[in-house]
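[1] quick one: sequence and predicted model below, then my questions.
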Amino acid sequence: MNGRDYDVVIAGAGIVGGTLACALGNQPLRIALVETKPPVLHWPIGARDLRVSAVTLGSARLFQALGVWDDLCAQGVSPFYDMHVWDAAGPGEIHFDAAGIGEETLGYIVENRCIQAALMRRIEQCANVVWCCPASVEALELDGDHILLGAKQSERLKTRLAVGADGADSALRRLAGIGAQAEEYGECAVVANVKTSRSHQRTAWQRFLPGGPLAFLPLPDERESSIVWTMPAERAQNLLALDEPGFIAELQTALGDKIPRQGLGRVEAAGPRAGFPLRRVHAESYIAQRLALIGDAAHTVHPLAGQGVNLGLGDAAVLAETLLRAHAEGKDIGARSVLRRYERARKGEVLAMMAALQGLHRLFGSQHASLRWARNLGLDMTDALTPVKNLIMRHAVGGGSHRSA
């Protein structure tokens, strides 16, 4: 490999950036993966990550194609076969099950650090990928058919294409002069791992509360779940300050006593907690000259449907396919004409998902009597209309599987 001269430099080695590096691994392109801190590859037995992702079937197929799925399964993934959603402000509820759409499972709950560790172990096997860490991109300069990146704690990197996978506050997006529409929700997602008196039944449970949804996501231990509880930011700070018994009491009240199918039972224990402010960000463009944005650098969405990481994985898969096809055809992989193919392929799907999530957020966040009645009726009617319900679920689980070239 020729010093610091690359075909693609990826800024950000999180789940989405790491997936792109894997998809371009062992291919005829020179790749650099730039990250500020090394990933966590080892942790104490029995320890759990506070951050988990609901991996759709489409995303699982992508991980299989990249050769990381077996590693993930060895670390521990938790398939879920059913999903129950109900409204705290009325009797409406809906039940989804994998059998109804002819699948073995609706998806998988996976710890984020397990995904990153599996991706890094795979990247280590890719001779064409160079790991630049610790380093961060702090300057950008176009230079004819290349782009020069000034990287802190590293020499300047010369590349035909820079990819921003560096999160919602993307430095690469800012350096490229790409604007972004941002909306602060004034909400916070409180996450923790909890133990319940009954099994989670390999089911994802979600209750819509006046302040935001509360989700219990099944972990490998049948009585252990990861919770994601969305609420106003001020209330989140108060809950984070409670001791364990106080937090459990609040959580039990929020979960309620009328749990479908007698699931979960009582909350018996809760581990450490963390809170994450929520906002929506959408880049005005996913591309610039010799630059592309993927994942949270291009778009962040509300977590109520757990689709954020899956949208990012779709970006990585489509961008990899676009670049490898262009390279095989002898085209310039950094040219706008090539990168527009990626943007066209992704922007429509992302905007549709953002609009749907915004609509759900407003619908379930409203306490207007007529809207409460309408959404409860809608839940019950959709639950009764099996073909409609199954169509919704097929889309949600990733029926259009991500492709990796």
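    Yes, it's here.
[2] so who does Lys258 touch?
    Trp86 (CB atoms under 8 Å, 6 or more residues apart in numbering). Every residue, glycine included, has its C-beta placed from N, CA and C.
[3] sec struct for it, please.
    coil (DSSP: H, G, I helix; E, B strand; the rest coil).
[4] kindly provide the distance from it to Arg207.
    10 Å (CB to CB, to the nearest Å).
[5] which neighbours do the two share?
    With CB under 8 Å, 6+ apart as the test, Lys258 and Arg207 both reach Trp86.
[6] quick check: Val309 touching Val16?
    Yes - here Val309 reaches Val16: they are 7.3 Å apart, a contact under CB atoms under 8 Å.
[7] tell me, what's touching the two both at once?
    By CB under 8 Å, 6+ apart, the residues touching both Val309 and Val16 are Gly295.
[8] of these two, who's got more company?
    Comparing Val309 with Val16 by neighbour count (other CB atoms under 10 Å), the higher total belongs to Val16, at 29 against 25.
[9] next SSE downstream of the strand or helix carrying that one?
    Assigned by DSSP states H and E, Val16 belongs to helix 15-23. Downstream of helix 15-23, the first helix or strand assigned by DSSP H and E is strand 31-34.
[10] partners of that following strand, with directions?
    strand 5-11 (parallel), strand 129-132 (parallel) (DSSP bridges).
[11] by contact count, what packs against the helix or strand harbouring Ala317?
    Using DSSP H and E, Ala317 falls within helix 308-328. Here helix 308-328 touches helix 15-23, strand 52-55, helix 57-66, helix 336-365, going by 3 or more CB pairs under 8 Å, 6 or more residues apart in numbering; DSSP states H and E.
[12] most tightly surrounded among those?
    With neighbours taken as mean count of other CB atoms under 10 Å, these reach their highest mean count in helix 15-23, at a mean of 28.
[13] next, the angle helix 308-328 makes with that helix.
    Angle, helix 15-23 to helix 308-328, by axes from the mean of the first three to the mean of the last three CA atoms, to 10 degrees: 30 degrees.
[14] avg pLDDT for helix 15-23?
    For helix 15-23, the mean pLDDT works out to 98.
[15] what's in contact with it?
    Contacts for helix 15-23 (CB under 8 Å, 6+ apart): 10-11, 13, 31, 33, 35, 53, 62, 66-68, 112, 115-116, 119-120, 122-123, 126, 129, 163, 165-166, 294-296, 309, 312-313, 315-317, 319-321, 404-405.
[16] repeat that with 6 Å
    10, 31, 33, 66, 115, 119, 122-123, 129, 165, 294-295, 309, 312-313, 316, 320, 404 (CB atoms under 6 Å, 6 or more residues apart in numbering).
[17] just the C-alpha atoms of that helix, please, in PDB.
    The C-alpha trace of helix 15-23 is given here as PDB (Å, rounded to 0.1, in the frame of the first residue of the first chain):
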ATOM      1  CA  ILE A  15     -21.400   0.100  13.400                       C
ATOM      2  CA  VAL A  16     -22.100   1.800  10.100                       C
ATOM      3  CA  GLY A  17     -18.500   2.900   9.300                       C
ATOM      4  CA  GLY A  18     -17.200  -0.600  10.300                       C
ATOM      5  CA  THR A  19     -19.900  -2.200   8.100                       C
ATOM      6  CA  LEU A  20     -18.800  -0.200   5.100                       C
ATOM      7  CA  ALA A  21     -15.100  -1.100   5.700                       C
ATOM      8  CA  CYS A  22     -16.100  -4.800   5.800                       C
ATOM      9  CA  ALA A  23     -18.100  -4.500   2.600                       C
END
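[18] what separates that helix from the chain centre, distance-wise?
    Mean-position distance between helix 15-23 and its chain equals 13 Å (CA atoms, centre = their mean, to the nearest Å).
[19] now the angle from that helix to helix 57-66?
    Using the same axes, to 10 degrees: helix 15-23 against helix 57-66 is 40 degrees.
[20] in the chain, which helix or strand is least confident?
    helix 369-384 (a mean of 55; mean pLDDT, DSSP states H and E).
[21] starting at the chain centroid, how far to the helix holding Ala317?
    15 Å.
[22] in it, what's buried?
    308-324, 326-327 (16 or more other CB atoms under 10 Å).
[23] where in the stretch 1-150 of the chain is pLDDT low?
    1-3, 89, 91 (pLDDT under 70).
[24] want to try CSV for the strands paired with strand 31-34, with distance to Ile147 and mean neighbour count as columns?
    Output for the strands paired with strand 31-34, formatted as CSV (distance: least, CB to CB, whole Å; neighbours: other CB atoms under 10 Å):
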stretch, distance to Ile147, mean neighbour count
strand 5-11, 8, 25
strand 129-132, 15, 20
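[25] and the ones you listed: which comes nearest Gly150?
    Of all the strands paired with strand 31-34, strand 5-11 sits nearest to Gly150, with 11.5 Å by CB to CB.
[26] show me what contacts Ala98?
    Contacts of Ala98 by CB under 6 Å, 6+ apart are Tyr81, Thr105, Leu106.
[27] can you rerun that using 10 Å?
    Going by CB atoms under 10 Å, 6 or more residues apart in numbering, Ala98 touches 57, 79-83, 104-107, 202, 393, 397.
[28] Ile248 now?
    Val194, Lys195, Leu242, Arg266, Val267, Glu268, Ala269, Ala270.
[29] can you pull the contacts of Ile123?
    For Ile123, the contacting residues are 13, 18-19, 21-22, 24-25, 31, 33, 39, 68, 129-131, by CB under 10 Å, 6+ apart.
[30] re earlier: dump the helices and strands packed on helix 308-328 to TSV, plus distance to Phe276.
    Below are the helices and strands packed on helix 308-328 laid out as TSV (distance: least, CB to CB, whole Å):
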stretch	distance to Phe276
helix 15-23	15
strand 52-55	13
helix 57-66	21
helix 336-365	16
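[31] which one, of these, ends up nearest to Ser225?
    The nearest among those, by CB to CB, is strand 52-55 at 9.8 Å.
[32] so what's the residue count around Pro38?
    11.
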